[in-house]
Each structure stands twice: as C-alpha cells, then as structure tokens.
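Undergrad: structure for the following, please:
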Amino acid sequence: MNAIPTSRITLALFVVAAAVVPLVFASGYQLFQLTMVLAYAMSVLGKNLTTGYGGQVSLGQGAFYAVGAYTAAILMDKWDVPYWATLPPAAIAAGTVGLMLGLPALRLGGLYLALVTFALALSVPQLLKYKLFEDWTGGVQGIVILKPDAPFGLPLTPDQWLYLFALVVAVVFFVIGTNLVTSRIGRALKAIRDQPLAAEAMGIELARYKTLTFGTGALFTGIGGALGAIAVGFVSPDSFTLALSLSLFVGMVVGGAASISGAIYGALFIQFVPNIAEEISKAAPGAIYGVILIGFIFFAPGGFASLVAGWRRRFSAARARSS
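TA: A predicted model of the protein is given here:
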C-alpha cells in the first residue's frame, strides 16, 4: 500500500487550518479581507500563467478581472442567477476575451504586446460607462448586488460562508493550475518562454500555446473577478482602472513569477500592504508603499516564493545534518 506523500498531508492540514481558524478568530471585516485575498490570488495565478510561465508580458489583466466581475454582477442583478452559478459564465466570458486578444498577440511580443494590453486596461472602464451599455452595466453608477446567505440553514454569517465558498473555489483552481504547469503543456510553455526558436524546432506549436495561455490566464482572472464582485457586493467602472492591472502585475512579481504559491503571497501583498502604508503615513502612503515594494524586490528578487523555498531547503539540510 503506497504511503500518502508528506506534501499532500501538509497541504491538507493547511487547507483545514485556513478554513477553521479564520471562522473562529476573524471578524466580519477580516473575513471579507481574506475573501478578497483569495479573489486576488486567483487573478495573480492567471497573470502568472500568462506572464510567469508563458513569458507574454500583459498589463491588461485588470480588464479580464472586470469582465468576470461584471458578468457575475449582471447575471445576479438582471436574471437573479444564483451567485455560484455565475462563476462558469464569468470564466467563459473572460476566457473568450483572452482568446480574442491572444490571436493578435501571436504577431506581437515584448513591449508591443505590453502596449496592446495596456490599451485594453485603459479602454475597458470607458466601455463600461458607454451609454450603449448602461442598461446592462449601470454606467458610472455601477451595480449593487446582495451578499449570499449560507445555504441549508447553516449557522454562518454571509461573510463566513462566502469566505468558505471562495476558499473551496480557490483550492480547486490552484490544483488545476498546479497540474497544468507540471504537465506536458506546462513544460511546453516554459520552453516557449525560455527558448521560442528551439521550442518551435522541437515541434511545439507556438501559435496554439500562446493563444491558449492568454485564454487560460484570463479565465482564472475572470473567476477571481467574479468572487471579488460577490464579496464586495458592488461593481463600477472606476473599480477596474489601470491601477488594478498594475497591482496584479506587482503581485505576480512580489509573490514570485512562475510560482503557484507565489500567487498567494502576491495577493496578500495587494490586499494588506497599501493599508499598512496608509497606517504608517496618511500624508504620503504612496511613498511608503514604494519603499516597502523596493524592500521586497531588494531582499527577494526572485519573489517571496523563492525566499520561502530557500528557507525550506536550509531547514531540510539542517534537519538532515542533525539526524
């Protein structure tokens, strides 16, 4: 009988702790913050698939987040679709936009692709305000949606239930992302990122993989956007400006590019570091944020995930020497 790998036991214990501890010790607002961490983690994971593993520089990930958020909000507001049923349409809508962007991206690369996605991030908030779509998007006023109650009469508050729901969704998609990057597809993405000419010479179809990478990364981000919209209970065009795309990019770099766990560290940075900077200095929070960001890059140039991996290697080596 095969033994269960230690890594899987550790992961299972971590998930159980992540589900139980916040429910016992966290307030409603803290649970909301943790739910947003999960939403951002999904979005950073999508960003990591596109840029960290696929090597395609995108500055428009916030646009896919907005597509997922608005899809969920419109379905809940206009057709009374249950919150959980909005996730597949949000994923499909964001993934479709990603595939549509991935087609012209085949002819571009580097700075040119970054500029195209930059233009996408700038245009989406303006399109959401456009009069032609006001009946659906609510224009500048946005859309207000209600937080879901716990089903089956469970003795949980809406914040507690939504956190557990988001945790389950995040675990499922993180497992999918891990399997994806460790599969043949993941190896092909890394080959395209590092040596595209050599990858093409080995028979890897660059066009197909680049397009699928954009679509898959957008799909993950769209799920994060839907979770974020449900958690906040409100969407508006001004919530999805270029700053969101840049924050997701920063989250990927700080957490660790080409790292699954780095998406979690990056999401924690996105959610909590701006608040910490504002508490330190209300007069110049941007300056404090910049100092903290520079510090992270200086002490962990490979991202926080690489720093944690280094600590684990040293701990394992020390334990091996002691035994």
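
Undergrad: okay, CA-based contacts and neighbour counts for the rest of this
TA: Fine.

Undergrad: okay, now the unreliable bits of the stretch 1-150 of the chain?
TA: Scanning the stretch 1-150 of the chain for pLDDT under 70 picks out 1-7, 105-109.

Undergrad: which helix runs longest in the chain?
TA: In the chain, taking DSSP state H as the definition, the longest helix is helix 206-232.

Undergrad: so which elements touch the helix or strand just after that one?
TA: Next helix or strand after helix 206-232 toward the C-terminus (DSSP states H and E): strand 234-235. If you count contacts as 3 or more Cα pairs under 8 Å, 6 or more residues apart in numbering; DSSP states H and E, strand 234-235 packs onto helix 61-79, strand 143-144.

Undergrad: and with 10 Å instead?
TA: On a contact count with 3 or more Cα pairs under 10 Å, 6 or more residues apart in numbering; DSSP states H and E, strand 234-235 meets helix 61-79, strand 143-144, helix 206-232.

Undergrad: tell me which residues in the longest one are buried?
TA: In other words, helix 206-232. For helix 206-232, burial by neighbour count (16 or more other Cα atoms under 10 Å) applies to 206, 209-232.

Undergrad: out of the helices and strands packed on strand 234-235, which comes closest to Leu120?
TA: Comparing these by their distance to Leu120 (Cα to Cα), the top pick is helix 61-79, with 6.7 Å.

Undergrad: specify the angle between the helix or strand following that closest one and helix 61-79 in degrees.
TA: Using DSSP H and E, the helix or strand that follows helix 61-79 towards the C-terminus is helix 87-105. If you take axes from the mean of the first three to the mean of the last three Cα atoms, to 10 degrees, helix 87-105 sits at 140 degrees to helix 61-79.

Undergrad: can you tell me the SS state at the residue nearest to the spatial centre of the chain?
TA: Nearest to the mean C-alpha position of the chain, counting by Cα atoms, centre = their mean, stands Ser43 at 1.5 Å. Applying DSSP: H, G, I helix; E, B strand; the rest coil to Ser43 yields a three-state assignment of helix.

Undergrad: Ile204 too?
TA: Of the three states, Ile204 takes coil under three-state DSSP.

Undergrad: which one is it nearest to, not counting chain neighbours?
TA: Excluding its sequence neighbours, the residue lying closest to Ile204 (Cα to Cα, 6 or more residues apart in numbering) is Ala188, at 6.8 Å.

Undergrad: can you check Ala150 too?
TA: Spatial nearest neighbour of Ala150, chain neighbours left out: Trp161 (5.5 Å); criterion: Cα to Cα, 6+ apart.

Undergrad: how many residues are close by the one you found?
TA: For Trp161, the number of neighbouring residues by other Cα atoms under 10 Å comes to 20.

Undergrad: okay, and it sits in which element?
TA: Going by DSSP H and E, Trp161 is in helix 158-181.

Undergrad: so what does that helix touch, helix or strand wise?
TA: Helices and strands touching helix 158-181, by 3+ Cα pairs under 10 Å, 6+ apart, are helix 6-25, helix 28-47, helix 184-194, helix 206-232.

Undergrad: how about the first one as PDB, C-alpha atoms only?
TA: What follows is helix 6-25, C-alpha atoms only, in PDB (Å, rounded to 0.1, in the frame of the first residue of the first chain):
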ATOM      1  CA  THR A   6       4.100  14.300   3.100                       C
ATOM      2  CA  SER A   7       3.500  17.300   0.900                       C
ATOM      3  CA  ARG A   8      -0.200  16.300   0.300                       C
ATOM      4  CA  ILE A   9      -0.700  15.800   4.100                       C
ATOM      5  CA  THR A  10       0.800  19.300   4.700                       C
ATOM      6  CA  LEU A  11      -1.400  20.800   2.100                       C
ATOM      7  CA  ALA A  12      -4.500  19.200   3.500                       C
ATOM      8  CA  LEU A  13      -3.600  20.400   7.000                       C
ATOM      9  CA  PHE A  14      -3.100  23.900   5.700                       C
ATOM     10  CA  VAL A  15      -6.400  24.000   3.900                       C
ATOM     11  CA  VAL A  16      -8.200  22.700   7.000                       C
ATOM     12  CA  ALA A  17      -6.500  25.400   9.100                       C
ATOM     13  CA  ALA A  18      -7.300  28.000   6.500                       C
ATOM     14  CA  ALA A  19     -11.000  27.000   6.700                       C
ATOM     15  CA  VAL A  20     -11.300  26.700  10.500                       C
ATOM     16  CA  VAL A  21      -9.000  29.300  12.100                       C
ATOM     17  CA  PRO A  22     -10.500  32.400  10.400                       C
ATOM     18  CA  LEU A  23     -14.000  31.400  11.200                       C
ATOM     19  CA  VAL A  24     -13.100  31.200  14.900                       C
ATOM     20  CA  PHE A  25     -10.800  34.200  15.300                       C
END
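
Undergrad: what residues sit buried inside it?
TA: Neighbour count says helix 6-25 has Ala19, Pro22, Leu23 buried, by 16+ other Cα under 10 Å.

Undergrad: the third one too?
TA: Buried positions in helix 184-194, judged by neighbour count with 16+ other Cα under 10 Å: Gly186, Ala188, Leu189, Lys190, Ala191, Ile192, Arg193.
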